[in-house]
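S.K.: model the structure of this input:
(chains A and B)
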Amino acid sequence: DVKVTQSSRYLVKRTGEKVFLECVQDMDHENMFWYRQDPGLGLRLIYFSYDVKMKEKGDIPEGYSVSREKKERFSLILESASTNQTSMYLCASSLLGGSYNSPLHFGNGTRLTVT
Amino acid sequence: ELKVEQNPLFLSMQEGKNYTIYCNYSTTSDRLYWYRQDPGKSLESLFVLLSNGAVKQEGRLMASLDTKARLSTLHITAAVHDLSATYFCAAILGGTSYGKLTFGQGTILTVHP
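M.R.: A predicted model of the protein is given here:
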């Protein structure tokens, strides 16, 4: 089974702090994604990456950056955390096109609270 | 821009009843996915629908896709309490291969005895 592991289940940070959310997948997937989940809004894509050192903005990239130095690891960075970034953050991975019906495989999520 | 809308957003059902969740998307999409999320847990893939007229069934859940109407449905037959969860549909913008999914808002399903 594909395993996507997010390093923290819960995080509490202060406004203005730099925050790192880490995600590791063990199935050699090319694609990796960061979504945030908010009630009534579903999941919204922040950034995604289709290869090492490659990244693309999603629908809500403002206030975030990402890093992908190794294929298995995709990090989400909040440069200066704000209260409106309090949310559930979900990491996901998938194969690059090769398996046409490959769904996203999600981690368990990190619930971030910014105070 | 691809937009995905689900309805209803909240669904309270009695056990044994049938109901349908609707998922509309705004532009051409290559694929349609359904996911389930239990409280406090991550998303679990239920179905992948790849072509017009596709129908997939797993237990009491059946998903279908009408690409001409840009509509997918998730039909629940004879609901049981174990089906209580949040259900998401998601679509991929046509012509892309990176697997970038756009999600609906989610439907919170509660099944009562």
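
S.K.: C-alpha only now, for contacts and for neighbours.
M.R.: Fine.

S.K.: residues contacting B:Ser12?
M.R.: B:109-112 (CA atoms under 8 Å, 6 or more residues apart in numbering or on different chains).

S.K.: what count of nearby residues applies to the closest residue to chain B within chain A?
M.R.: Per CA to the nearest CA, A:Gly42 is where chain A lies closest to chain B, at 3.8 Å. Using other CA atoms under 10 Å in any protein chain shown, A:Gly42 has 22 other residues around it.

S.K.: what about B:Asp38, distance to chain A?
M.R.: 11 Å (CA to the nearest CA, to the nearest Å).

S.K.: check which helices and strands the helix or strand containing A:Arg44 sits against.
M.R.: Using DSSP states H and E, A:Arg44 maps to strand A:42-49. Applying 3 or more CA pairs under 8 Å, 6 or more residues apart in numbering or on different chains; DSSP states H and E, one finds that strand A:42-49 contacts strand A:31-38, strand A:56-57, strand A:64-70, strand B:101-103.

S.K.: beta partners of the residue of chain A closest to chain B?
M.R.: A:Asp38 (DSSP bridges).

S.K.: check contacts around the residue nearest to A:Ser65 when sequence neighbours are not counted.
M.R.: Spatial nearest neighbour of A:Ser65, excluding adjacent residues (CA to CA, 6 or more residues apart in numbering or on different chains): A:Ile77 at 5.1 Å. Contact analysis of A:Ile77 by CA under 8 Å, 6+ apart lists A:18-21, A:64-67.

S.K.: give me phi/psi at A:Ile77?
M.R.: Main-chain torsions, A:Ile77, degrees, to the nearest 10: phi -120, psi 130.

S.K.: ok, the one 5 residues further on next?
M.R.: Main-chain dihedrals, A:Ser82, degrees, to the nearest 10: phi -130, psi 160.

S.K.: residue contacts, it?
M.R.: So A:Ser82 contacts A:14-16, A:114-115 (CA under 8 Å, 6+ apart).

S.K.: show me the beta-bridge partners of the residue most central in space within chain A.
M.R.: Centroid-nearest residue in chain A, with CA atoms, centre = their mean: A:Trp34, separated by 2.5 Å. Using DSSP bridges, the bridge partners assigned to A:Trp34 are A:Tyr47, A:Cys91.

S.K.: which one of the helices and strands packed on strand A:42-49 lies closest to B:Gly16?
M.R.: strand B:101-103 (28.5 Å; CA to CA).

S.K.: what helices or strands is that closest one leaning on?
M.R.: If you count contacts as 3+ CA pairs under 8 Å, 6+ apart, strand B:101-103 packs onto strand A:42-49, strand B:85-93.

S.K.: partner strands of the helix or strand following that strand, parallel or antiparallel?
M.R.: Sequence order places strand B:107-112 as the next helix or strand after strand B:101-103, per DSSP H and E. The pairing partners recorded for strand B:107-112 under DSSP bridges are strand B:10-14 (parallel), strand B:85-93 (antiparallel).

S.K.: give me the buried positions along the first one.
M.R.: Across strand B:10-14, burial judged by 16 or more other CA atoms under 10 Å in any protein chain shown covers B:11, B:13.

S.K.: alpha carbons of that strand, as CSV, please.
M.R.: What follows is strand B:10-14, C-alpha atoms only, in CSV (Å, rounded to 0.1, in the frame of the first residue of the first chain):
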residue,chain,number,x,y,z
PHE,B,10,-25.5,18.1,4.3
LEU,B,11,-27.5,14.9,4.1
SER,B,12,-29.3,13.3,7.0
MET,B,13,-30.7,9.9,6.1
GLN,B,14,-32.5,7.1,7.8
